[in-house]
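K.L.:
Requesting a structural model of the entry that follows:
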Amino acid sequence: MDEKNIAVPTTEELGAELERVRGRKRFLKLLYNTVASLIVVAAVAVLVSMLFLPALRVTGVSMTPTLHNDELVVCRRIGGFEKGDIIAFYHNNKILLKRVIGVAGDVIDIKNDGSVYVNGEKLDEPYVDSLSYGTCDIELPYQVPDNRYFVMGDHRSESIDSRTKEIGCIVEEMIIGKVIWCIWPLGSIKIM
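P.N.:
The predicted structure follows:
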């Protein structure tokens with residue numbers, strides 16, 4: 001080989017090539033750190049969502065006018081639910097949303113016009129558009145058993161709830177949590 005035909009890089013060319021290699025390494029390190037950070041953030045978001053603040057999609061009309069079909073709500077996993085709380089619970093491999101009407105020991109009575117009485121006092125229900133007796137196959141007046149909740153939907157004529165033997169009163173172990181926010185669609189964002 002003829003040594004005169006081999007091109008020897010200049011100091012500037014070597015410096016430029018070294019800078020290009022270092023820049024590529026910095027870019028790959030930045031890309032790796034960004035992807036790793038996004039994975040950690042996503043994992044934390046999933047854990048928080050699953051353990052503390054599950055998000056659920058409303059299906060059906062049993063909670064109108066308070067909640068509408070396809071809205072997204074966020075629940076908070078707490079115990080000791082109170083009358084008036086909207087709760088999410090499991091029933092036959094489905095998640096239902098209903099309002100707590102009575103707690104353990106309460107006596108529930110529903111008149112033919114749909115008026116609801118708890119312990120002899122008529123409930124003030126501004127969240128209900130129209131009262132309806134709806135589907136009811138339990139014997140009234142009904143006393144809520146220990147460690148259970150009597151729930152009803154806000155759209156009384158369409159809701160299948162504790163008024164039926166099919167659903168009955170809800171055991172606390174089946175409750176996912178209390179609905180605290182409606183987060184979607186953006187125009188419907190509200191604190192419950």
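
K.L.:
which residues does the most centrally placed residue in the chain bridge with?
P.N.:
Compute the mean C-alpha point of the chain, and by CA atoms, centre = their mean the closest residue is Ala55, 2.6 Å away. Counting by DSSP bridges, Ala55 is bridged to Val74.

K.L.:
With Val171 instead?
P.N.:
As assigned using DSSP bridges, the partners bridged with Val171 are Arg148.

K.L.:
if I read this right, it contacts Val144, doesn't it?
P.N.:
No: look at Val171 against Val144 with CB atoms under 8 Å: they stay out of range, at 11.5 Å. C-betas here are computed from N, CA, C, even on glycine.

K.L.:
Residue ranges in this structure under the pLDDT threshold?
P.N.:
Under the criterion pLDDT under 70, the flagged ranges of the chain are 1-4, 49-51.

K.L.:
Which stretches in it count as helices?
P.N.:
Applying DSSP state H to the chain gives helices spanning 11-51.

K.L.:
Now do the strands in it.
P.N.:
Using DSSP state E, the strands found in the chain span residues 55-57, 72-76, 86-91, 94-103, 107-110, 116-118, 121-122, 142-143, 148-152, 170-171, 175-184, 190-191.

K.L.:
Kindly compare burial across the ones you listed and name the winner.
P.N.:
Most buried of the strands of the chain, by mean neighbour count (mean count of other CB atoms under 10 Å): strand 148-152, with a mean of 25.

K.L.:
tell me the angle it makes with strand 175-184.
P.N.:
30 degrees (axes from the mean of the first three to the mean of the last three CA atoms, to 10 degrees).

K.L.:
Alpha carbons only: can I get strand 148-152 in PDB?
P.N.:
Extracted C-alpha coordinates of strand 148-152, given in PDB (Å, rounded to 0.1, in the frame of the first residue of the first chain):
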ATOM      1  CA  ARG A 148     -75.600  -2.900  54.900                       C
ATOM      2  CA  TYR A 149     -76.800   0.200  52.900                       C
ATOM      3  CA  PHE A 150     -80.100   0.800  51.200                       C
ATOM      4  CA  VAL A 151     -79.500   2.500  47.800                       C
ATOM      5  CA  MET A 152     -81.600   4.000  45.100                       C
END
